[in-house]
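Chemist: Based on what follows, work out the 3D shape:
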Amino acid sequence: MRPPGDRPPWGRSLSARLLLLTVGFLLLGEILIFVPSIARFRHVYLEERIAAAHLATIGVAARGQPPSLALADALLSHAGVLSITIERERPVLMLGMLPPVERTIDITDRDWVGLILEAFSTLYHGGQRVVRVVGPSPMEYGTTVDITLTEAMLHAEMIDYARRIILLSFALSLIVGLLLLASLRSLIVRPLARITAKIAHFRKRPEDSSLDTPASRRSDEIGIVDREVDAMTRDLRQALAQKTRLAALGEAVGKLHHDLRNILATAFLLSDRLEGSADPAVRAVTPRLVQTLERAIRLCQETLDFARSRPPRPSTAPVALRALVDEVTTLLSPAGTPTTIVNEIAPDVMVVADPDQLHRLFLNLARNALEAMPGGGQLTFRNRRVADRFVVEVEDTGHGLPETVRDHLFEPFTTSSSGNGAGLGLAICREIARAHGGDLQVRKSDDSGTVMTLTLPAMAGSVGT
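Modeler: Alright, predicted model coming up:
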């Protein structure tokens, strides 16, 4: 088996197939031209025999007496016939003897189907038949010439004509095929080979960009494909580099995680003692110290969780969405602020999803919304149906997202609020949504607040409205 990306043998290549198809189709066209032309050649040959036969009888008629046997044979041989009968008012045998005939042909019959069949009949019998040909004289109006002849000479002439036509057709087909092949190789085959080489190189060494060639500037489909392949390889290379860095980060964090948590836990215990200190200044900074340690522990844990693996495959089950949101909001009930949480999701709405992953998703969204409203506000959950999609909206009345953050909101390590978190929550949330066949997006974010939309396909299980 040949390695992927290697060139195939020439006989199985696209160039060889294009050449064979071109020559084959051109020969087919020549055959379609040859069939009526060979029938026309036979018809013209018989008309010429009619004219030559009438011409041979003019001298005999002028003499007023029968020609000698030698002269008659010479005239018949020159006309290429066995006998000649001229009919004006009545038939008159002018030259030769009437032999038995196998076929009578009327050259006034110009039905093309009949002419083609007669031509192939002549070729089939190999010139062994004696035929009778009747037709009007081209030299004297009202005169009918009736001749008999063998098809041997006609058959030989038709074979010679067919040979010339076939050789010429094959030569023309080969020349046109080679010219067309050269054009197609320049326009299609070689550009496709370059694109294939790019893809094969990227597959073998995706990190190496040293052999990348500039994209084509052509405006046709080949140019579009070339530019799209270049854009795809650049995006994949960037994504691969990012994932490689994240993998290295995960490995490094995994090694440091145990020791770092022990250090932070020790510091956390020591901070508890500081709360009992007699120094008012120490007691004043202790809560901020505890909060800082908690953020450090959460940052370490979130970074490790994200870098180690993606969310596992959802273990789906019917979930009452309103009850799940109530459970989330119970954990986050704000205290000491005028923030209210409103759950407008209909009681009968059910979805088929992983309850743990969906709980994690809503918990992250709710936390972000509450952090965006430090002075209080309203957090609202509602559902709606759009065509074949099921949508859950999470709306807050906070300060909105900056434009610079909004464009990269779902990328790892991009924070959506004050910057206290690791910037991984929304990236994980989108992965969970897409693992369920849906998506997570920002529908609106301005000074009046932010609306996040979780979209699930209808087949994922909405039985409510």
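Chemist: C-terminal to the helix or strand bottoming out on mean pLDDT in the chain, what's the next element?
Modeler: In the chain, no helix or strand scores lower on mean pLDDT, DSSP states H and E than helix 280-308, which sits at a mean of 64. Next helix or strand after helix 280-308 toward the C-terminus (DSSP states H and E): strand 317-320.
Chemist: for whichever helix or strand comes after that next one, which positions count as buried?
Modeler: Heading C-terminal from strand 317-320, the first helix or strand you meet, by DSSP H and E, is helix 321-331. For helix 321-331, a neighbour-count test (16 or more other CB atoms under 10 Å) marks 321-322, 324-325, 328-329 as buried. Glycine gets a C-beta too; all of them are placed from N, C-alpha and C.
Chemist: which helices and strands sit right next to helix 321-331?
Modeler: Applying 3 or more CB pairs under 8 Å, 6 or more residues apart in numbering; DSSP states H and E, we find helix 321-331 packed against strand 340-343, helix 355-371, strand 378-386.
Chemist: Report the residue spans of the stretch 101-250 of the chain with pLDDT below the cut-off.
Modeler: Applying pLDDT under 70 to the stretch 101-250 of the chain picks out residues 209-211, 246, 249-250.
Chemist: Out of the helices and strands packed on helix 321-331, the one nearest Asp235 is which?
Modeler: helix 355-371 (26.3 Å; CB to CB).
Chemist: Measure how that closest one sits relative to strand 378-386, angle-wise.
Modeler: On the basis of axes from the mean of the first three to the mean of the last three CA atoms, to 10 degrees, helix 355-371 is oriented at 130 degrees to strand 378-386.
Chemist: Would you list the strands that the helix or strand harbouring Thr455 pairs with, along with their directions?
Modeler: Taking DSSP H and E as the definition, one finds Thr455 inside strand 449-457. The strands beside strand 449-457 in its sheet (DSSP bridges) come out as strand 389-396 (antiparallel), strand 439-446 (antiparallel).
Chemist: List the buried residues in that strand.
Modeler: Buried residues in strand 449-457 (16+ other CB under 10 Å): 449-456.
Chemist: for those residues, which one is nearest Ala241?
Modeler: Using CB to CB, those come closest to Ala241 at Met452, 29.1 Å.
Chemist: Just list the residues touching the nearest residue to that closest one once chain neighbours are set aside, thanks.
Modeler: Nearest residue to Met452, sequence neighbours excluded (CB to CB, 6 or more residues apart in numbering): Val394, at 4.5 Å. If you count contacts by CB atoms under 8 Å, 6 or more residues apart in numbering, Val394 has them with 362, 365-366, 369, 379-381, 451-454.
Chemist: Could you rerun that using 7 Å?
Modeler: 365, 369, 381, 452 (CB atoms under 7 Å, 6 or more residues apart in numbering).
Chemist: Output these as a markdown table; include the columns pLDDT and distance to Pro402.
Modeler: Shown next, in a markdown table, are the contacts of Val394 (pLDDT from 0 to 100; distance: CB to CB, whole Å):
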| residue | pLDDT | distance to Pro402 |
| --- | --- | --- |
| Leu365 | 89 | 18 |
| Ala369 | 86 | 16 |
| Phe381 | 92 | 24 |
| Met452 | 90 | 16 |
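Chemist: Nearest spatial neighbour of Arg367, chain-adjacent residues omitted?
Modeler: Using CB to CB, 6+ apart, the closest residue to Arg367 is Leu332 (6.6 Å).
Chemist: what residues are up against that neighbour?
Modeler: Taking CB under 7 Å, 6+ apart, one finds 366-367, 370 in contact with Leu332.
Chemist: Equivalent analysis for Val60, please.
Modeler: Per CB under 7 Å, 6+ apart, neighbours of Val60: 67, 94-95.
Chemist: Take the residues you listed and keep only those in strands.
Modeler: Counted as lying in strands by DSSP state E, out of those, are 94-95.
Chemist: Reformat the contacts of Val60 as JSON lines; add pLDDT.
Modeler: Converted to JSON lines, the contacts of Val60 look like this (pLDDT from 0 to 100):
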{"residue": "Pro67", "pLDDT": "73"}
{"residue": "Met94", "pLDDT": "75"}
{"residue": "Leu95", "pLDDT": "81"}
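Chemist: In a markdown table, list the contacts of Val60 along with neighbour count and distance to Ile105.
Modeler: As requested, the contacts of Val60 are exported to a markdown table (neighbours: other CB atoms under 10 Å; distance: CB to CB, whole Å):
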| residue | neighbour count | distance to Ile105 |
| --- | --- | --- |
| Pro67 | 17 | 26 |
| Met94 | 22 | 19 |
| Leu95 | 23 | 19 |
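Chemist: want to try TSV for the helices and strands packed on helix 321-331, with mean neighbour count and distance to Leu27 as columns?
Modeler: Formatted as TSV, the helices and strands packed on helix 321-331 follow (neighbours: other CB atoms under 10 Å; distance: least, CB to CB, whole Å):
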stretch	mean neighbour count	distance to Leu27
strand 340-343	15	77
helix 355-371	20	65
strand 378-386	17	58
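Chemist: I'd like the ones you listed as CSV, with distance to Gly438 appended.
Modeler: Compiled in CSV, the helices and strands packed on helix 321-331 are given as follows (distance: least, CB to CB, whole Å):
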stretch, distance to Gly438
strand 340-343, 20
helix 355-371, 10
strand 378-386, 12
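Chemist: and of these, who's closest to Arg234?
Modeler: helix 355-371 (31.1 Å).
Chemist: Can I get that closest one as CSV, trimmed to CA atoms?
Modeler: Output of helix 355-371 as CSV, limited to C-alpha atoms (Å, rounded to 0.1, in the frame of the first residue of the first chain):
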residue,chain,number,x,y,z
PRO,A,355,-27.8,16.7,35.2
ASP,A,356,-24.4,17.2,36.7
GLN,A,357,-22.9,18.9,33.7
LEU,A,358,-26.0,21.0,33.2
HIS,A,359,-25.8,22.0,36.9
ARG,A,360,-22.2,23.0,36.5
LEU,A,361,-23.1,25.1,33.4
PHE,A,362,-25.9,27.0,35.1
LEU,A,363,-23.8,27.5,38.2
ASN,A,364,-21.0,29.1,36.2
LEU,A,365,-23.4,31.4,34.3
ALA,A,366,-25.2,32.4,37.5
ARG,A,367,-21.9,33.2,39.3
ASN,A,368,-20.7,35.3,36.4
ALA,A,369,-24.0,37.2,36.4
LEU,A,370,-23.9,37.9,40.1
GLU,A,371,-20.3,39.1,39.9
